[in-house]
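In: Next come a sequence and a model predicted from it.
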Amino acid sequence: MAGKTKDEILHDHNDDGVDRRGFLKCMAWAGTGAFCVMQGGVLKSYSMSRVAEMNPGEMKGELSFVQISDSHMGFNKAANPDVAATLQAAVGKINALSAPPEFLLHTGDISHLSKPEEFDGVEQILKSASAKDVFYVPGEHDVLNDDGKGYLERYGKAAQPGGWYSFEKKGVHFVGLVNVMNLKAGGLGSLGNDQLEWLEKDVKHLKSSTPIVVFAHIPLWAVYPEWGWGTDDSAQALGYMKKFGSVTVLNGHIHQTMQKVEGNVTFHTACSTAFPQPKPGEAPSPGPMKVPAEQLRSVLGITDVNYVRGQHALAVVDSTLA
Amino acid sequence: MRRNVFAVSLVVAALLGSGGIAMKRQGFVASAQDKRTSTAEVKIDNFVFGPAAITVPVGTTVTWVNHDDIPHTVVSTEKVFKSKVLDTDEKFSYTFTKPGEYPYFCSIHPKMTGKVIVQ
């Protein structure tokens, strides 16, 4: 690995876990993808091009799952006139994994306009995935017009009234958060007091050795507040995670991969299965980025996460659809 | 790339009583001085309300038009008005019958803010 440190994220030993030190240790942009493995408190990140050089054993664990995001079913503009086809391609990638993942996480913007037929379309396509269970959190596009009523009726039955929930899989504690509701003028994503109170209680009883995976749509770290890419009260939420040795935060929303480490927390955003968005500040707005059709699938993707029990390691692999 | 709409749509709102309005396209610009017929347009382009602040006389009907590929909303911060979700090229109109300042934002992208000043 010597001489290749540029591609690695090294653990930042801040205690606070929430400040801006160690900001953006590594960015892996759309189309490149990243494989991350955290071992003994040190997290390393590899671009997808290097995953092929790795020992497959390093990527295997007792628990693996796949994150997909931002399917935007119903979107039909120039940036991607066929979002169903690219979601189907993502499922093809999932099904091509050597071992089927335990389940799927969808980090929101399932639909483009919150229409029932759009949710139906995504569910239909995901039925063909090798993993049958799908855990969702809503994006802002899923809760338009009706304060999320349609989304909650469909996906929130086992969740708290506001749509957030947690579950355990093989010793890993997963927390699905909702940060796209009741947004305030001029603000960012928001969790709100009810959810924060619930979260504090939810993780309080857990042993500090429990690996935690938090997933929500809008990034829980300040990726680029100028474009609304952050969550106003995420610091409070992450404050409840301070005692844990391994916390991984998975988000969507920004349609590109980005990673950073802050203290005990590793942040990761996933590509969209529908269309790419520009890098922060590199366009007048965060609107859909139009790329030549032959390049589209290289900037869309899925995230494959592996948990290795006993080492507190989460391996995150972003793979493009190309 | 993005659709640029250079032609200003000329909309005349004829006030029917105090509340209800009927709108139809006409080939002339309404006089800003005529309270009963004045109109104004705010464009949504690149996640920005343009102009961000607009000053209009009482009785003006303001129309927001979304030129983005992404849906937006127009929601009064003080809950005076609220649009449905506006997909590409969809419009929302509201007639301001009382003087005052009306801040608003996009509830989907709350960093997008604007203000209507009614005099």
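Out: Received, thanks. Residues are numbered from 1 along each chain as shown, chains lettered A, B, ... in the order given.
In: Name the residue of the stretch 201-322 of chain A that lies nearest to chain B.
Out: A:Ser285 (3.7 Å; C-beta to the nearest C-beta). Every C-beta, even on glycine, is put in place using the N, C-alpha and C of the backbone.
In: Tell me, how many residues neighbour that residue?
Out: Around A:Ser285 there are 17 other residues, counting by other C-beta atoms under 10 Å in any protein chain shown.
In: what's the answer for A:Leu206, then?
Out: 16.
In: One more: B:Ser76?
Out: Neighbours of B:Ser76 (other C-beta under 10 Å): 16.
In: so who does it touch?
Out: Neighbouring residues of B:Ser76 by C-beta atoms under 8 Å, 6 or more residues apart in numbering or on different chains: B:Lys82, B:Tyr102, B:Pro103, B:Tyr104.
In: neighbours around B:Phe81, how many?
Out: Neighbours of B:Phe81 (other C-beta under 10 Å): 17.
In: so how far is chain A from it?
Out: 13 Å (C-beta to the nearest C-beta, to the nearest Å).
In: so that residue touches B:Ser93, yeah?
Out: No. The criterion here is C-beta atoms under 8 Å, and B:Phe81 misses it with B:Ser93 at 9.5 Å.
In: could you list every residue that touches the residue in the stretch 101-250 of chain A that chain B sits nearest to?
Out: Across the stretch 101-250 of chain A, no residue is closer to chain B than A:Ala185, which sits at 3.7 Å (C-beta to the nearest C-beta). Shown in contact with A:Ala185 (C-beta under 8 Å, 6+ apart): B:Thr77, B:Pro103, B:Tyr104, B:Phe105, B:Pro110, B:Thr113.
In: show me the residues around the nearest residue to the fifth one once chain neighbours are set aside that make contact.
Out: Going back to what we said before, that points to B:Pro110. Nearest non-adjacent residue to B:Pro110, counting by C-beta to C-beta, 6 or more residues apart in numbering or on different chains: A:Leu183, 4.3 Å away. Neighbouring residues of A:Leu183 by C-beta under 8 Å, 6+ apart: A:Glu140, A:Gly189, A:Ser190, B:Ser107, B:Ile108, B:Pro110.
In: These, buried ones only, as a ChimeraX selection?
Out: In ChimeraX, this line selects whichever of the contacts of A:Leu183 come out buried by 16 or more other C-beta atoms under 10 Å in any protein chain shown:
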select /A:140,189,190 /B:107,108,110
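In: JSON lines for the contacts of A:Leu183, including pLDDT and secondary structure?
Out: Listed next are those as JSON lines, based on pLDDT from 0 to 100; DSSP: H, G, I helix; E, B strand; the rest coil:
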{"residue": "A:Glu140", "pLDDT": "96", "secondary structure": "helix"}
{"residue": "A:Gly189", "pLDDT": "96", "secondary structure": "strand"}
{"residue": "A:Ser190", "pLDDT": "97", "secondary structure": "strand"}
{"residue": "B:Ser107", "pLDDT": "94", "secondary structure": "coil"}
{"residue": "B:Ile108", "pLDDT": "93", "secondary structure": "coil"}
{"residue": "B:Pro110", "pLDDT": "95", "secondary structure": "coil"}
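In: which of the contacts of A:Leu183 lies closest to A:Cys271?
Out: Set against A:Cys271, the nearest of the contacts of A:Leu183 by C-beta to C-beta is A:Glu140 (17.9 Å).
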